[in-house]
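K.L.:
Provided below are the primary sequence and the corresponding predicted coordinates.
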Amino acid sequence: MAAALLNSTFASLPMFNSSAASFSTVFEEVSQYNVQLNIAERLWAAWYLWMQNDTLATGIMSFIMHEVIYFGRSLPWIIIDAIPYFNRFKLQNQKVPTWKEQWECAALVLLSHFTVELPQIWLFHPVATYFGMEYGVPFPPLWKMAMHIAIFFVMEDTWHYWFHRILHYGPLYRSIHKLHHTYSAPFGLAAEYASPIEVMLLGIGIVGSPILWVSLTGELHLLTMYAWIVLRLFQAIDAHSGYDFPWSLRHFLPFWAGADHHDLHHERFIGNYASSFRWWDFCLDTEAGEEASKKRREKNVAKLRAKKAQ
Ligand SMILES: [Zn+2]
Ligand SMILES: [Zn+2]
């Protein structure tokens with residue numbers, strides 16, 4: 001229960017009937033007795049104390065956060081699509097999504113958020129805390145959060161590469177993954193436009209990586225999980241945006257995939273299977289696009305020549 005969440009910092013908190021108290025009363029109580037906590041930590045602690053049900057408190061917070069970030073991050077791309085000036089940065093600039101396409105996409109994504117993702121979000125709290133995830137205050141130091149998030153990016157990218165590649169196997173593609181490829185020129189909102197089976201399968205990489213990590217190391221805080229989800233959502237939406245700017249991250253981090261990498265996957269239907277990084281596709285020779293095909297052709301020709309010369 002709520003008391004279990006709180007570290008010793010809350011031992012001094014006087015008993016009060018928080019089910020009857022308003023959120024602001026609980027917040028004031030928390031602030032009064034925990035001056036060492038910053039405002040975000042006080043709000044966080046007061047939320048759990050006020051809710052009196054930790055699974056529900058995490059579930060509501062997670063679901064709202066996911067919706068706000070998903071649609072909030074997609075909105076700038078909807079606006080950019082409507083401004084002709086930005087067309088010069090669009091990768092497939094002859095294919096601008098129509099309002100109808102965007103509306104239909106948003107409706108299906110919203111439906112899948114309520115039917116498929118909501119139960120998963122609800123299950124997350126009991127499963128993660130079972131494996132040792134913390135969600136009390138104070139929050140973990142920034143350096144630790146950054147380190148964990150970097151590890152999750154690498155783990156998730158690996159999962160995504162292999163399972164996305166498997167989803168391109170004929171029968172699986174036709175029955176599951178084809179839906180995500182409805183748009184050969186993707187846009188931000190299309191990031192989670194996919195079959196429920198795909199959402200679950202690829203979602204395991206996103207939620208399962210931190211769970212595997214905490215089960216092995218015993219170290220994970222819910223706030224780190226939130227920061228990871230937010231950054232991974234930004235990655236997915238930006239990768240589907242269809243825009244590559246001179247200031248896009250991949251120009252500064254050459255191994256970062258970005259929209260340039262995933263847009264080609266949607267255009268060609270083959271190659272570029274990883275989510276965040278380029279190394280898997282590079283090392284396993286599954287890169288998409290003109291340049292990669294040319295290199296592959298040259299390699300094959302060289303092999304044939306070498307055979308003939310023998
Ligand atoms: Zn695909
Ligand atoms: Zn995609």
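P.N.:
Structure received. Ligands and ions are numbered 1, 2, ... in the order given.
K.L.:
Tell me where this structure has strands.
P.N.:
Assigned by DSSP state E, the chain shows no strands.
K.L.:
Scan it for its longest helix.
P.N.:
The residue-count maximum for a helix in the chain (DSSP state H) belongs to helix 54-82.
K.L.:
Of all the residues in that helix, which ones are buried?
P.N.:
By 16 or more other C-beta atoms under 10 Å, the buried positions in helix 54-82 come out as 54, 57-59, 61-63, 66, 69-71, 73-74, 77-78, 80-81. Every residue, glycine included, has its C-beta placed from N, CA and C.
K.L.:
ok, now stretch 223-233?
P.N.:
Across stretch 223-233, burial judged by 16+ other C-beta under 10 Å covers 223, 224, 225, 226, 227, 228, 229, 230, 232, 233.
K.L.:
The third one reaches residue 210, doesn't it?
P.N.:
What it means is residue 225. Yes: using C-beta atoms under 8 Å, residue 225 makes contact with residue 210 at a distance of 5.4 Å.
K.L.:
Need the residues touching each of the two.
P.N.:
Applying C-beta atoms under 8 Å, 6 or more residues apart in numbering, one finds that residue 225 and residue 210 are jointly contacted by 128, 133.
K.L.:
gap between the nearest residue to residue 37 once chain neighbours are set aside and residue 30?
P.N.:
Spatially, and ignoring its direct neighbours in sequence, residue 37 is nearest to residue 137 (5.8 Å; C-beta to C-beta, 6 or more residues apart in numbering). Using C-beta to C-beta, to the nearest Å, residue 137 is found at 9 Å from residue 30.
K.L.:
same deal with residue 305?
P.N.:
Taken as C-beta to C-beta, the span from residue 305 to residue 30 is 74 Å.
K.L.:
Counting neighbours around each, name which of those two comes out higher.
P.N.:
A direct count of neighbours by other C-beta atoms under 10 Å for residue 305 and residue 30 places residue 30 higher, at 25 against 10.
K.L.:
for the stretch 201-310 of the chain, which spans come out with low pLDDT?
P.N.:
Applying pLDDT under 70 to the stretch 201-310 of the chain flags no residue at all.
K.L.:
Going by residue numbers, what spans are helices in it?
P.N.:
Applying DSSP state H, counting those that start in this stretch to the stretch 201-310 of the chain gives helices spanning 222-240, 258-268, 279-283, 290-309.
K.L.:
nearest to residue 94, of those helices?
P.N.:
Smallest distance to residue 94 across those (C-beta to C-beta): 11.3 Å, for helix 258-268.
K.L.:
Just the C-alpha atoms of that closest one, please, in CSV.
P.N.:
Output of helix 258-268 as CSV, limited to C-alpha atoms (Å, rounded to 0.1, in the frame of the first residue of the first chain):
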residue,chain,number,x,y,z
GLY,A,258,16.3,8.8,-37.0
ALA,A,259,13.6,9.5,-39.7
ASP,A,260,16.1,9.0,-42.5
HIS,A,261,16.6,5.4,-41.5
HIS,A,262,12.9,4.4,-40.8
ASP,A,263,11.4,6.4,-43.7
LEU,A,264,13.4,4.3,-46.1
HIS,A,265,12.0,1.1,-44.4
HIS,A,266,8.4,2.3,-45.1
GLU,A,267,9.3,3.3,-48.6
ARG,A,268,11.1,0.1,-49.6
